[in-house]
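Participant: The sequence and its predicted three-dimensional model are supplied below.
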Amino acid sequence: MGTAAHGGPRQDEGDGRQQQLWVDDPVGRPSMPEPVRTAAVRAMIIVAVTLTQGTVAVLCSLAGSWLAFPMVLSSVASTVVATWSVLDVWVTRQVWNQRYGVVSSPASTARRLRKERRRARRAARSAARSAARARPGDPAGSGSLSRA
């Protein structure tokens, strides 16, 4: 049975290899850019503090404590700050997308379409040239120099 019952690494019965308990899968790209992630974490901490302040203000009001009025005032101010921080996440995300959002790589769709259009134009030009050369009785397209 090995040490699996005690929390250690398990061994497969057949070949004696140890099986990992936790395996990290590599992620292709992070879920969101670092500045946006930082702003989001900051906003979530501020929102959590604001909700806690609101709860304490309600409980102090119900208890009739002298702390109720200062807590309500600080909750209102904290709500303004929390709204500002959530807007900061949105603005930071928009700015990041504007600055770094467009990835220009050779495999991008726009480049591929331009390349295909260029090929089509070249093929049309070469077909027109070969058609002009193939016309019989056309001195300009017969491949000889002027006969003057």
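Facilitator: Okay, I see it.

Participant: continuing past the one helix or strand residue 79 maps to, what's the next helix or strand?
Facilitator: Applying DSSP states H and E as the criterion places residue 79 in helix 68-100. Proceeding N to C from helix 68-100, the next assigned helix or strand is helix 109-134, under DSSP H and E.

Participant: related to what we said a few turns ago, quick one: the helix holding residue 79 to chain centroid distance?
Facilitator: Distance of helix 68-100 from its chain centroid, counting by CA atoms, centre = their mean, to the nearest Å, is 22 Å.

Participant: and it, which residues are buried?
Facilitator: 68, 71-72, 74-75, 78-79, 82, 85-86, 88-89, 92-93, 96 (16 or more other CB atoms under 10 Å). Backbone N, C-alpha and C define where each C-beta goes, glycine included.

Participant: Check whether residue 47 really touches residue 88, as I assumed.
Facilitator: No - contact criterion CB atoms under 8 Å: residue 47 and residue 88 do not qualify, at 11.9 Å.

Participant: Then residue 66 would be within a strand, right?
Facilitator: No - judged by DSSP: H, G, I helix; E, B strand; the rest coil, residue 66 forms no part of a strand; its state is coil.

Participant: quick thing: my sequence starts at 665, can you match it?
Facilitator: Okay, using 665 as the starting number, the last item reads as residue 730.

Participant: What's the local residue count around it?
Facilitator: 7 (other CB atoms under 10 Å).

Participant: roughly how far apart are it and residue 764?
Facilitator: Distance of residue 730 to residue 764, given as CB to CB, to the nearest Å: 51 Å.

Participant: Check residue 704 too.
Facilitator: Taking CB to CB, one finds residue 704 at 17 Å from residue 764.

Participant: which secondary element of this structure has the worst mean pLDDT?
Facilitator: Each helix and strand of the chain was given a mean pLDDT (mean pLDDT, DSSP states H and E); the minimum falls on strand 674-675 at a mean of 56.

Participant: mean confidence score for the very next helix or strand once past it?
Facilitator: Moving toward the C-terminus from strand 674-675, the next helix or strand (DSSP H and E) is strand 682-683. The average pLDDT within strand 682-683 is 76.

Participant: Stretch 703-713 now?
Facilitator: Here the average pLDDT along stretch 703-713 is 97.

Participant: Could I get the buried residue list for that stretch?
Facilitator: Buried, per 16+ other CB under 10 Å, within stretch 703-713: 703-704, 707, 710-711.
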